[in-house]
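**Q** I'll drop the sequence and a predicted model, then ask my questions.
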Amino acid sequence: MPSINPSLEHRIQQRLTGIHHRLTAIADIEMAAAVHGGFGAHGELDPERSYLTAETDVLLDRLSSIGGCLPFRPKA
């Protein structure tokens, strides 16, 4: 089993939290745009969402490889 690097685990957790907040903000922008029109209504934020999703996959794999704890519990 790999040894846990608390500093690296903490940095990964912080980045995952930041990504979560940004993805939530994107969803809020798109929701408002769907109702009122404007920026976000036509997929303008899709590239950023895709990038953040891919980054999340990499970070979760890295977290798993160092034996870190997932920032959430899988649903049963």
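**A** Alright, I've got the coordinates.
**Q** separation between the residue nearest to the spatial centre of the chain and residue 48?
**A** Central residue of the chain (Cα atoms, centre = their mean): residue 19, 3.6 Å from the mean position. For residue 19, the distance to residue 48 equals 10 Å [Cβ to Cβ, to the nearest Å]. Any C-beta I mention is one placed from the backbone N, CA and C, and that applies to glycine too.
**Q** got the buried residues for the helix or strand hosting residue 58?
**A** In this structure, residue 58 is located in helix 46-65 according to DSSP states H and E. Buried residues in helix 46-65, defined by neighbour count with 16 or more other Cβ atoms under 10 Å: 52, 59-60, 63.
**Q** Which neighbouring elements make contact with the lengthiest helix in the chain?
**A** What stands out as the longest helix in the chain, according to DSSP state H, is helix 6-36. Packed against helix 6-36, as judged by 3 or more Cβ pairs under 8 Å, 6 or more residues apart in numbering; DSSP states H and E, are the following elements: helix 46-65.
**Q** Can you tell me, leaving aside adjacent residues, what's nearest to residue 19?
**A** Spatial nearest neighbour of residue 19, chain neighbours left out: residue 52 (5.0 Å); criterion: Cβ to Cβ, 6 or more residues apart in numbering.
**Q** who touches that neighbour in this structure?
**A** Shown in contact with residue 52 (Cβ atoms under 8 Å, 6 or more residues apart in numbering): 19, 22-23.
**Q** Okay, now the unreliable bits of this protein?
**A** Scanning the chain for pLDDT under 70 picks out 1-3, 72-76.
**Q** List the buried residues in stretch 28-38.
**A** The neighbour-count check on stretch 28-38 (16+ other Cβ under 10 Å) flags 29-30, 33 as buried.
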